[in-house]
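Undergrad: generate coordinates for the sequence data below:
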Amino acid sequence: MFLRHFTFSDELIARILHAVAEGTRAYRAVVRSMEKFLATTYEVPGDLTTRWTCLGSSGRLFDIDANCTVCMFCAMDSKHPSTTLVTDAEPTQTGNAHAAKREVVFSGMQPSGGFHIGNYLGAVRDWVALQEQHRCFYCIVDLHAITQPYDPAAMRARVMDMAVELLACGIDPNRATLFVQSQVPEHAELAWILSTVAPYGELSRMTQFKEKGERAEYVNCGLFTYPVLMAADILLYKATRVPVGEDQIQHLELTREIVRRFNGRFGEPALFSEPLPLHRSPLRIMGLDGKQKMSKSLGNYVAISDEPEVIRKKIGSAFTDELRLRKKDPGHPESCYVCGLEPFFMASDKVTEFQEGCRSARIGCVDSKRALAEAMITALQPIQERKRELLAKPGLVEDILQAGAAEARRVALKTMVEVRERLGLLPLP
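TA: Below you'll find the predicted structure:
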């Protein structure tokens, strides 16, 4: 087992012990800074989640085990009885507490120029929560976006708009790696390699390919092999969990099949693990028409950046209860689109009030729409304010994306070295 020893100052040890006592957030901040220090100073891999032994004033010794995927303080100095370790696991019988193994999570989103509440509720909100629990790679997948007709002159602005809004929603570059797909060329390289084991029959049965193919003027090869690039996105970082909506579950199953075929063809031990889904709730956010998934291309969306009057107008035209023709008719909130959105933006007591009022015909659809619009405006205000703050700092978002791409590429290059070895390809010069 590979083991290194480092000696640190009393000041640093005091800081770490204080962080542990303060709680999980402060503790993780110290861990992240230590990992960066080890990566840059001693060339310990930055993707390593370290194992720490804190001996306090008795020794000032930290053990960093490069094969260990668990981050923990293995022992606490007896002179610090008030210090408590906040972790994700129960203490062992010996009294030590051990953090649960962090999963590697990958998720991506196409740059549509900013996103809508469907993206926020169905993905971004969960991204923000996951970055506190796992090692997360969040990618703006511009290579996927070029499989559809687009304006090249607008692509960079679309990418930057999405990056700004992701950061405004709470994606923290100190907790997660945020980057742009095309800035890590190994995505395309691995996609080509995986295409040599991807089954043609499975690709031809992808539902999204069929649906998009029916709407397209012509069907390009990239649209057909889109799921292979998605598999490369995931496997390049050896992700074990992928947040997916119901429309992506079929693609993830194909990724698992590609993993089995790659591992079966290119020897043991298996290079890749089969990634598992992280199901979200809700899995699918319908558009304002209540009939199709919310989408900018379909025009049935509310954007995160929409002004209050725009939100009021859009919600005012939203689909409600098709069985309720007049206000005096009893409503059916379980099948009403507006009622379905209320729990995401309104307090639970307000939701109960409006849904019971709907059933009893005390509250009409127009009243429900107005209440939902105001609640949505209030919920989006902090995000919009953070977006304005980010835009007021030129170069900040570009720097964050560049740093994210550098970190992502460091991990990707390591994976591709292993892939090339398995395939018998010459190493890069």
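Undergrad: list the buried residues of whatever helix or strand Arg410 lives in.
TA: Using DSSP states H and E, Arg410 maps to helix 396-423. By neighbour count on 16 or more other Cβ atoms under 10 Å, the buried set for helix 396-423 is 397, 400-401, 404-405, 407-409, 411-412, 414-416, 419. C-betas here are computed from N, CA, C, even on glycine.
Undergrad: OK, contacts around the nearest residue to Ala403 once chain neighbours are set aside?
TA: In this structure, Ala403 finds its nearest non-sequential neighbour in Pro173, 6.8 Å apart by Cβ to Cβ, 6 or more residues apart in numbering. Applying Cβ atoms under 8 Å, 6 or more residues apart in numbering to Pro173 gives the contacts Leu167, Ile400, Ala403, Gly404.
Undergrad: strands of the protein, residue ranges please.
TA: 3-7, 61-65, 104-109, 135-140, 176-180, 241-244, 276-279 (DSSP state E).
Undergrad: can you lay out these as TSV showing mean neighbour count?
TA: Shown next, in TSV, are these (neighbours: other Cβ atoms under 10 Å):
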stretch	mean neighbour count
strand 3-7	11
strand 61-65	18
strand 104-109	22
strand 135-140	25
strand 176-180	24
strand 241-244	20
strand 276-279	14
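Undergrad: any idea how far Asp151 is from the spatially closest residue to Ile234 that is not a sequence neighbour?
TA: Closest residue in space to Ile234, ignoring its immediate chain neighbours: Phe106 at 4.9 Å, by Cβ to Cβ, 6+ apart. From Phe106 over to Asp151 the distance is 28 Å, taken as Cβ to Cβ, to the nearest Å.
Undergrad: center of this protein - which residue?
TA: Nearest to the geometric centre of the chain sits Trp127, at 3.7 Å (Cα atoms, centre = their mean).
Undergrad: list the contacts of that residue.
TA: When contacts are taken as Cβ under 8 Å, 6+ apart, Trp127 is in contact with Ser107, Cys136, Tyr138, Leu166, Ile171, Ala176, Pro243.
Undergrad: among these, pick out the one closest to Val228, please.
TA: Set against Val228, the nearest of the contacts of Trp127 by Cβ to Cβ is Ser107 (17.5 Å).
Undergrad: per-residue confidence for the closest one?
TA: Ser107 is assigned 96 on the pLDDT scale.
Undergrad: thinking it is in contact with Gly245, fair?
TA: No: if you go by Cβ atoms under 8 Å, Ser107 and Gly245 don't touch, sitting 10.4 Å apart.
Undergrad: what do those two both touch?
TA: Jointly contacting Ser107 and Gly245 under the rule Cβ under 8 Å, 6+ apart are Ala123.
Undergrad: returning to that earlier point: check the contacts of Pro173 and tell me the two furthest apart.
TA: Leu167 and Ala403 (12.5 Å).
Undergrad: quick check: the residue nearest to Ile234 touching Thr240?
TA: No: Phe106 lies out of contact with Thr240 (Cβ under 8 Å); the separation is 9.1 Å.
Undergrad: low-confidence bits of the chain, can you list those?
TA: Regions of the chain meeting the criterion pLDDT under 70 cover residues 1-101, 213, 216, 280-283, 321-328, 330-331.
Undergrad: for the residue lying closest to Ile383 once chain neighbours are set aside, what are its contacts?
TA: Nearest non-adjacent residue to Ile383, counting by Cβ to Cβ, 6+ apart: Ala168, 5.0 Å away. The contact partners of Ala168, by Cβ under 8 Å, 6+ apart, come to Ile304, Ile383, Gln384, Arg386, Lys387, Leu390.
Undergrad: okay if I get the residues you listed as a markdown table plus neighbour count and distance to Arg260?
TA: Output for these, formatted as a markdown table (neighbours: other Cβ atoms under 10 Å; distance: Cβ to Cβ, whole Å):
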| residue | neighbour count | distance to Arg260 |
| --- | --- | --- |
| Ile304 | 20 | 38 |
| Ile383 | 17 | 41 |
| Gln384 | 17 | 45 |
| Arg386 | 16 | 43 |
| Lys387 | 20 | 42 |
| Leu390 | 15 | 42 |
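Undergrad: need those residues in TSV with distance to Glu189, can you?
TA: TSV is the format used below for the contacts of Ala168 (distance: Cβ to Cβ, whole Å):
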residue	distance to Glu189
Ile304	33
Ile383	36
Gln384	39
Arg386	36
Lys387	34
Leu390	32
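Undergrad: which of these fall in helices?
TA: Ile383, Gln384, Arg386, Lys387, Leu390 (DSSP state H).
Undergrad: give me the nearest residue to the fourth one, chain neighbours excluded.
TA: Translated: Lys387. Lys387's closest residue in space is Ala168 (Cβ to Cβ, 6+ apart), at 4.0 Å.
Undergrad: cool, and the second one?
TA: Counting by Cβ to Cβ, 6+ apart, Gln384 lies nearest to Ser305, which is 6.3 Å off, once chain neighbours are set aside.
Undergrad: from Val244, how far out is the closest residue to Val351 other than its chain neighbours?
TA: Leaving aside its chain neighbours, Val351 sits nearest to Glu342 (4.9 Å; criterion: Cβ to Cβ, 6+ apart). From Glu342 across to Val244, the span is 25 Å (Cβ to Cβ).
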